[in-house]
Structures are given as structure tokens and as C-alpha cells.
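Participant: Show me the folded form of this:
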Amino acid sequence: MSASPAVANEGQTALFGTVTPAPRVADAGPRYTPVELARLLRLPAPTREHAAIISAPVEPLLVVAGAGSGKTETMAARVIWLVANSYVRPEQVLGLTFTRKAAGELAHRVRTRLDQLIRRLGRRQRDPLDDPLAGEPTISTYHSYAGRIVTEHGLRAGYEPSTRLLTEASRWQLVDLLVRNFDGDMSAVDRMPSTITDAVLALAGELDEHLVDPDELAAWTGRFFAEIQTRPGRVYADVRKALQLQQTRLKLLPLVRAYARRKDDFEAMDFADQLARAARVARDHPAVGVIERDRYRVVLLDEYQDTSHAQVVLLTALFGGGHPVTAVGDPCQSIYGWRGASAGTLDRFPTEFARRDGTPAPALSLTTSWRNRPEILGVANA
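Facilitator: Sure thing, here's the model as predicted:
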């Protein structure tokens with residue numbers, strides 16, 4: 001699998017270069033190739049790599065694309081190509097990314113291209129109910145989408161839709177009060193109250209991101225200790241460090257449980273709870289996936305290398321089984337390892353989002369950086 005792009009644009013100013021049109025998709029005979037569509041919208045023609053992604057078959061696809069490789073423009077162009085060729089209506093498209101800024105940028109890019117397409121085709125005056133170009137794609141953050149799943153389907157798992165979402169400040173104050181009134185043994189922790197508060201919040205968040213409850217963590221730790229004790233010889237430093245970390249976590253678990261109880265008392269949840277609840281609802285109630293797949297015929301997943309275990313469970317439960325999911329990511333930009341994300345998430349995508357016949361999803365790459373000079377890329381690659 002390719003890593004970050006490694007070739008500079010050698011001074012080219014346009015995002016795309018003019019090249020030979022990519023071959024048409026054979027399954028449905030689209031009206032427009034990516035090059036023809038770019039010409040219609042008076043945009044620079046896509047490169048071969050971009051065109052292959054834009055016009056890829058409507059099935060699961062992994063795109064490995066590094067910084068500056070034109071992935072946002074390509075994702076937007078993919079949506080426009082699908083809409084222009086009547087594969088989907090705009091409102092049947094779901095795009096997810098991590099930040100509100102990134103979601104806003106992608107939404108603006110798609111909306112601008114759709115408006116251009118409508119003007120070029122002279123469709124502005126048609127009845128919106130009859131116009132396949134009318135409607136708006138749903139583009140939001142992963143957490144916002146998880147929140148909607150909990151709101152609309154949480155009752156299936158006993159989650160009240162009226163549960164309020166705690167702010168970062170509120171959750172910190174809640175745990176800080178618990179820490180200051182805790183009379184249990186903190187000898188293994190030996191930290192200031194504020195540091196313990198941070199540690200409790202971090203552990204609670206990690207448990208949710210990995211869909212693990214405190215009892216499961218305690219049971220695993222007990223088995224870990226027992227296994228180490230049965231092994232003869234010296235215990236290595238890394239193993240001792242792991243044992244110490246687990247001992248600290250065991251000391252924090254009573255506070256983690258107290259935090260969960262207090263949230264239940266207040267009918268509140270934090271962002272990690274929201275994501276974990278969404279994943280469990282999707283995993284345990286297949287009817288939710290049926291509804292979401294009917295609502296969104298095409299799904300785009302941005303920065304996929306940073307998705308956590310809970311997010312992957314949510315997405316595979318809802319959109320697995322051959323649904324047209326395009327995931328875009330770069331293994332060299334995985335920055336959320338502390339919450340379960342890893343570059344290996346990209347490696348697992350082809351099998352976790354396999355085609356309908358069970359074969360692995362294909363992977364394509366964007367290998368040219370259009371943002372950085374060759375000298376910068378040389379240092380980065382080294």
C-alpha cells in the first residue's frame with residue numbers, strides 16, 4: 001500500500017493537469033467521463049489518478065492520499081460525477097470527516113460544483129421534486145453523525161433521546177468533584193487531584209473508544225497478572241511498565257464507575273459515550289443499518305486512518321456488506337493512536353468493507369503532491 005505522495009508538481013499551478021480521458025465505467029455506461037464533466041463545468045481536467053477515483057465503480061473503494069494530493073477536490077468531483085450520471089441524487093450522499101472546518105470545506109466544494117452543474121445544464125427552473133440534481137448531500141463530522149444515530153435509534157438499546165451532552169468543562173468539573181471527595185486508595189496513583197481527574201477522563205474515554213467496560217478491563221488485568229506470575233525468570237522492564245500501568249488503571253476504575261453513575265443520575269453523556277452508544281446501537285440492531293443504507297446510497301469517509309475502534313464498528317455495522325463506501329486516508333498521518341486509531345485501519349478496510357461477493361475492496365492511490373516542493377518531500381520521505 002502506498003504511503004504519502006512523493007512526487008512534486010514541478011511548478012504546475014493548476015490542481016489538475018490536462019491528460020488523456022480515463023476509460024468509461026463499463027457497468028452502467030455513464031453519460032460523462034471525468035474529463036468531459038470537467039470540460040462541461042469549465043474546470044481543469046483531472047489527471048489519470050484522479051479520474052480513476054472519480055469514475056470508479058459504485059462499490060467499496062480505498063483511496064490512499066497524502067497531504068496536498070487534491071483529495072478534497074477529488075471527493076467533491078466524485079460526488080458530482082455520480083450525480084451527473086444519475087447513480088445517486090445529492091441527498092443520497094453522506095460525507096463524514098473529523099472537524100467542522102473540514103466538513104464545511106467539503107460541503108462548500110460539493111455545493112459549488114452542483115450549482116455549476118445545474119447552471120451548465122440549464123436546470124435551475126425545473127421542479128425540485130422532479131429534478132435529480134436538486135437536494136443537498138449530508139456532510140458532517142463523525143461525532144455529529146454518531147449523535148444523530150443515538151438520537152434517532154437510541155431507544156432500541158434503552159438510550160433516552162433526551163440525554164444531554166456534557167461540555168468539556170462540565171465533564172471535568174464533574175470528575176474533579178468526585179476525585180476530591182473520593183476516600184479510596186490512591187497510593188498507586190500518587191498524583192495531584194487535577195492530574196487524577198485528567199487520568200480518569202482519559203481512561204473513561206479510552207474504554208468507550210474501544211467498547212470495553214470497566215469489568216472487562218479488570219478481568220483482563222487479573223488474567224494478565226496471573227499469566228506473568230506463572231512465567232519463570234526475570235520480568236523485563238517493558239512488562240513491569242505495563243504491569244504498573246494496569247495497576248494504576250485498577251485504582252482509577254472506582255472513579256470511572258462513579259463518573260458513569262453520576263452521568264446516569266444527571267441523564268447526561270459525553271462525546272465518548274455518544275460514540276460508544278452509536279456503535280452499540282448499530283452493531284446490535286441491524287434494522288438501523290437497513291434504514292441508513294436506504295437513506296445514503298453512497299458514503300465518503302475522510303481521514304479514515306484516524307477512525308477509532310468504536311467508529312469502525314459503527315461504520316461497518318451500518319455500511320458494510322458491499323455498500324458503496326469510499327474511504328480516503330494516509331497511513332503517515334495517523335495521529336490518534338491514543339484512542340485506538342492506527343495506520344492499520346487502512347490496511348483492514350478492503351476486508352472490513354469487502355465487495356458484495358466477499359472479495360476485498362480495491363485500493364487506489366494519489367501519489368503526487370501539488371502543495372509541496374520536491375525538497376520538502378525529499379526530507380519528509382527520508
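Participant: S365: which element?
Facilitator: S365 is located in strand 363-366, with elements delineated by DSSP states H and E.
Participant: Any buried residues in that strand, and which?
Facilitator: A363, L364, S365, L366 (16 or more other Cβ atoms under 10 Å). C-beta: built from backbone N, CA, C; applies to glycine.
Participant: now for that strand, which elements pack on it?
Facilitator: In terms of contacts (3 or more Cβ pairs under 8 Å, 6 or more residues apart in numbering; DSSP states H and E), strand 363-366 is packed against helix 48-54, strand 61-65.
Participant: Of the ones you listed, which is nearest A279?
Facilitator: strand 61-65 (21.0 Å; Cβ to Cβ).
Participant: The closest one: how far from the chain's middle?
Facilitator: Centroid separation for strand 61-65 versus its chain: 13 Å, with Cα atoms, centre = their mean, to the nearest Å.
Participant: What pairs with it, parallel or antiparallel?
Facilitator: Using DSSP bridges, strand 61-65 pairs in its sheet with strand 325-329 (parallel), strand 363-366 (parallel).
Participant: L275: which of the ones you listed is closest?
Facilitator: Of all these, strand 325-329 sits nearest to L275, with 17.8 Å by Cβ to Cβ.
Participant: any idea of the mean pLDDT for the closest one?
Facilitator: Mean pLDDT, computed over strand 325-329, is 96.
Participant: Residues contacting it, please?
Facilitator: Strand 325-329 is contacted by residues 53, 56, 60-65, 71, 75, 78, 298-306, 315, 319, 345-346, 349, 353 when judged by Cβ atoms under 8 Å, 6 or more residues apart in numbering.
Participant: One more pass at 7 Å, please.
Facilitator: Under the contact criterion Cβ atoms under 7 Å, 6 or more residues apart in numbering, strand 325-329 has outside partners 60-65, 71, 75, 78, 299-305, 319, 346, 349, 353.
Participant: Could you do stretch 65-82 as well?
Facilitator: Taking Cβ under 7 Å, 6+ apart as the rule, stretch 65-82 contacts 4-5, 15, 32, 34, 37, 46, 50, 53-55, 88, 93, 105-106, 109-110, 113-114, 117, 137, 298, 300, 302, 326, 328, 330, 332-333, 366, 368-372.
Participant: which parts of it are buried?
Facilitator: 65-66, 68-82.
Participant: Can I get it in CSV? Just the C-alpha atoms.
Facilitator: In CSV, the C-alpha atoms belonging to stretch 65-82 read as follows (Å, rounded to 0.1, in the frame of the first residue of the first chain):
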residue,chain,number,x,y,z
ALA,A,65,-3.9,10.1,-0.5
GLY,A,66,-1.4,12.2,1.4
ALA,A,67,-1.4,15.9,2.1
GLY,A,68,-1.6,18.2,-0.9
SER,A,69,-2.7,15.4,-3.3
GLY,A,70,-6.1,17.0,-4.2
LYS,A,71,-8.2,14.6,-2.2
THR,A,72,-10.9,17.2,-1.2
GLU,A,73,-11.3,18.2,-4.9
THR,A,74,-11.4,14.6,-5.9
MET,A,75,-14.0,13.7,-3.3
ALA,A,76,-16.2,16.6,-4.5
ALA,A,77,-15.6,15.6,-8.1
ARG,A,78,-16.6,12.0,-7.3
VAL,A,79,-19.9,13.2,-5.9
ILE,A,80,-20.6,15.4,-8.9
TRP,A,81,-19.7,12.5,-11.3
LEU,A,82,-22.1,10.2,-9.5
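Participant: chain center to that stretch, what's the gap?
Facilitator: Distance, centroid of stretch 65-82 to centroid of chain: 16 Å (Cα atoms, centre = their mean).
Participant: repeat for stretch 50-63
Facilitator: 18 Å.
Participant: How about stretch 233-251?
Facilitator: Taking the mean of its C-alpha atoms, stretch 233-251 sits 32 Å from the chain's own mean (Cα atoms, centre = their mean).
Participant: Stretch 166-175 too?
Facilitator: For stretch 166-175 - counting by Cα atoms, centre = their mean - the centre lies 25 Å from the chain centre.
Participant: contacts for that stretch?
Facilitator: The contact list for stretch 166-175, computed with Cβ under 7 Å, 6+ apart, reads T197, V200, L201, Y259, R262, A268, M269, D270.
Participant: Could you pull out the helices in the protein for me?
Facilitator: 34-40, 48-54, 71-84, 100-121, 142-153, 168-180, 193-209, 214-230, 237-265, 271-284, 286-295, 309-319, 344-352, 374-381 (DSSP state H).
Participant: what bits of the chain have low per-residue confidence?
Facilitator: 1-29, 123-131, 188, 190, 334-343 (pLDDT under 70).
Participant: ok, 90 please
Facilitator: 1-31, 66-70, 118-135, 161-162, 183-193, 195, 224-244, 247-248, 330-345, 367-382 (pLDDT under 90).
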